[in-house]
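> here is a sequence together with a model predicted from it:
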Amino acid sequence: MKKRTVLYRALVVALFIILSPFALHAQDLIVMETGDSLNCVIQRVEDKFVRIYVVRDGEKFPSTIARPQITSMKFGYYKEEKEDTSTSIFGRMKRWRVAARGGYSLGVGDMTTMKRGSKYESSLNNGYHLGVDGAYFFNNYFGVGARFNYYKNNHEGSIIPTGEATPIAVSNNINALYIAPQAMARFRDKTKKNVYTAYLSVGYFDYLDEMIDDDKTFKIKGGLVGGDIGLGYERAFTNNLALGAGFSYLFGRLESAKKSYWTEEAGRKKYVTEDLYIPSALNLSRLNFSLYLVFNSSNW
């Protein structure tokens, strides 16, 4: 009879050891004399027995363990571990990160090859940008991916050319695309709700300026290698979503381009494309201030 009782208790302990990984909200730790550990909720400690239960799928499984079978007990042992291993963004960090962004861009150089006066040209430095970036993280801190950024500025007005008395109508429609691979780092504070990011990328700029100069239409198109470096802050508000804000410095210089326009020759219209050399190089660098929505996942 005694052997049956010991065997029965051993089977009960083994059952709870098997069920313990599913008891996600168990708080206490019991270490058995066999060396096994049991994660459970200790209800009451008596002279000869310890009464416990394990929760599985919302149901409680109660049991009793003899004191001689227990080496040690620790109350509240799994409280912090549960928080660290949570599958939410507040616990374990996600592998994949995708962000959609938009905001204000401030140019720090010349955005057009045509000299139109400082007041007009300064208006071309104010525009907006849209972008998407993605990254895969090897661990909680470092990842690699790609980013895309689109800049837009459209301005029109009138200027008085040097040596002339009559103003002429001018306009510029500037579009700039930037595509690049990126390296990204992130750091989460102790609250596990705030994430700080930094990235660096080097990639390709595509520049297009569609301009009108006294009823004459020109297109200036070119490409160059540039870079982008930025910092950001993100605040998680659901399991997978976060809102963020950040700024970046996107830099590059255009030294040559193609100039295209319509001309008339011998009474016939002709579309001409010619090389355009820019002696002082066109500085396309700008500061981007962004708001963005971040999606994090570990399931892709």
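Nice, thanks for sending it over.
> where do the domain boundaries of this structure fall?
Following automatic domain parsing, the chain resolves into domains at 2-84, 96-297.
> from those domains, which stretch is densest packed?
Most buried of these, by mean neighbour count (mean count of other Cβ atoms under 10 Å): domain 96-297, with a mean of 16. Where C-beta positions appear, they are placed from N, C-alpha and C, glycine not excepted.
> for the record, mean pLDDT for it?
Average pLDDT, domain 96-297: 87.
> same thing with stretch 36-43?
Mean predicted lDDT for stretch 36-43 stands at 85.
> ok now that stretch, how far from the chain's centre?
Mean-position distance between stretch 36-43 and its chain equals 40 Å (Cα atoms, centre = their mean, to the nearest Å).
> can you list contacts of the one helix or strand E264 maps to?
Assigned by DSSP states H and E, E264 belongs to strand 253-265. Outside strand 253-265, the residues within contact range by Cβ atoms under 8 Å, 6 or more residues apart in numbering are 109, 113, 205, 207, 216-222, 224, 269-278, 281-285.
> among those, name the ones in strands.
Members of these lying in strands (criterion: DSSP state E): 205, 207, 216-222, 224, 269-278, 281-283.
> how about the residue positioned nearest the centre of the chain, what does it touch?
Among the residues of the chain, A99 comes closest to the average C-alpha position under Cα atoms, centre = their mean, at 4.7 Å. Neighbour list for A99: V132, D133, G134, G244, Y292, L293, V294, F295 [criterion: Cβ under 8 Å, 6+ apart].
> nearest residue to F237 in space, please, no chain neighbours.
Spatially, and ignoring its direct neighbours in sequence, F237 is nearest to L243 (6.6 Å; Cβ to Cβ, 6 or more residues apart in numbering).
> direction included, what does the helix or strand where that neighbour lies pair up with?
Counting by DSSP H and E, the element that carries L243 is strand 241-251. Strand 241-251 pairs in its sheet with strand 216-236 (antiparallel), strand 286-297 (antiparallel), by DSSP bridges.
> quick one: the longest one to chain centroid distance?
Strand 216-236 has its average C-alpha position 17 Å from the chain's average C-alpha position, going by Cα atoms, centre = their mean.
> partners of the helix or strand containing N149 in the sheet?
Here N149, judged by DSSP H and E, is contained in strand 142-159. Paired strands of strand 142-159, with direction, are strand 126-137 (antiparallel), strand 168-188 (antiparallel) (DSSP bridges).
> how much space between R186 and A236?
Distance from R186 to A236, counting by Cβ to Cβ, to the nearest Å: 12 Å.
> give me the distance between the two termini of stretch 209-225.
Stretch 209-225 has an end-to-end distance of 18 Å (Cα to Cα, to the nearest Å).
> about what we covered before: relative to strand 168-188, how tilted is the strand holding E264?
Computed with axes from the mean of the first three to the mean of the last three Cα atoms, to 10 degrees, the direction of strand 253-265 lies at 150 degrees from that of strand 168-188.
> any idea of the angle strand 253-265 forms with strand 268-283?
Relative orientation of strand 253-265 versus strand 268-283 (the same axes, to 10 degrees): 170 degrees.
> direction included, what does strand 253-265 pair up with?
Counting by DSSP bridges, the strands paired with strand 253-265 are strand 216-236 (antiparallel), strand 268-283 (antiparallel).
> just to check, F187 is in contact with V195?
Yes. The pair F187 / V195 is scored as a contact, 7.1 Å apart, by Cβ atoms under 8 Å.
> in three-state terms, label E121 for me.
With DSSP: H, G, I helix; E, B strand; the rest coil as the basis, E121 sits in helix.
> from S290, how far out is it?
E121 is 24 Å from S290, by Cβ to Cβ.
> do F251 as well
When Cβ to Cβ is the yardstick, F251 and S290 sit 16 Å from each other.
> same check, this time on Y77
In this structure, Y77 and S290 are 43 Å apart, going by Cβ to Cβ.
> do the same with Y249
12 Å.
> hang on, the earlier thing: turn the strands paired with strand 142-159 into JSON lines, columns for distance to T34.
Shown next, in JSON lines, are the strands paired with strand 142-159 (distance: least, Cβ to Cβ, whole Å):
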{"stretch": "strand 126-137", "distance to T34": "40"}
{"stretch": "strand 168-188", "distance to T34": "38"}
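> so which of these gets nearest I52?
strand 168-188 (34.5 Å; Cβ to Cβ).
> which residues touch R44?
Contact analysis of R44 by Cβ under 8 Å, 6+ apart lists V50, R51.
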